[in-house]
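**Student:** Give me a 3D structure for the following:
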Amino acid sequence: MKDTETNLQKYIQQNSLSMRKGLIEYCVMQICSGKPVYVGEIVTKLKDTDLIVVEGTLYPLLSRLASEKLVSYEWKESKTGPPRKYYKLTVDGHGVLEAYNSQWKELKKAVDGIIKGVKK
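**Tutor:** As a prediction, the model looks like this:
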């Protein structure tokens, strides 16, 4: 019985992690769609919504988004330490985010419909 519980807990953790990873890019792009932000601000906004992420996981994502020309960045001096990289969406990034927003609305509607249908 204990082995079954442990296996189920692992299964839940792995799938929860996969679901969260799939949404992180979308959420990061959403955060970068406003004013330019640095990684610390992105982490704070994700943590504020319980999407806990460490800085080290964001750098590869932001690097990939930059290489795809979906975000751009500029270095700015900081009053409290070394210069910081500030990220913002590019025109192409805004286009991709608009498509993601449409996809998200469709997925949310579909999943909400399934949940409501099952609860009846």
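
**Student:** where's the residue positioned nearest the centre of the chain, which helix or strand?
**Tutor:** Note on the chain: the residue nearest the mean C-alpha position is residue 24, at 1.9 Å, using Cα atoms, centre = their mean. Using DSSP states H and E, residue 24 sits within helix 2-31.

**Student:** pLDDT on that helix, on average?
**Tutor:** Averaging pLDDT along helix 2-31 yields 86.

**Student:** Next up, the contacts around the residue nearest to the centre of the chain.
**Tutor:** Applying Cβ atoms under 8 Å, 6 or more residues apart in numbering, we find residue 24 in contact with 46, 51, 53, 57, 61. For the C-beta atoms, the positions are set from N, CA and C on the backbone; glycine is no exception.

**Student:** Just name the closest of those to residue 107, please.
**Tutor:** For those, the minimum distance to residue 107 (Cβ to Cβ) is 16.8 Å, reached by residue 51.

**Student:** Surely the closest one is within a helix?
**Tutor:** No - looking at residue 51 with DSSP: H, G, I helix; E, B strand; the rest coil, it is coil, so not inside a helix.
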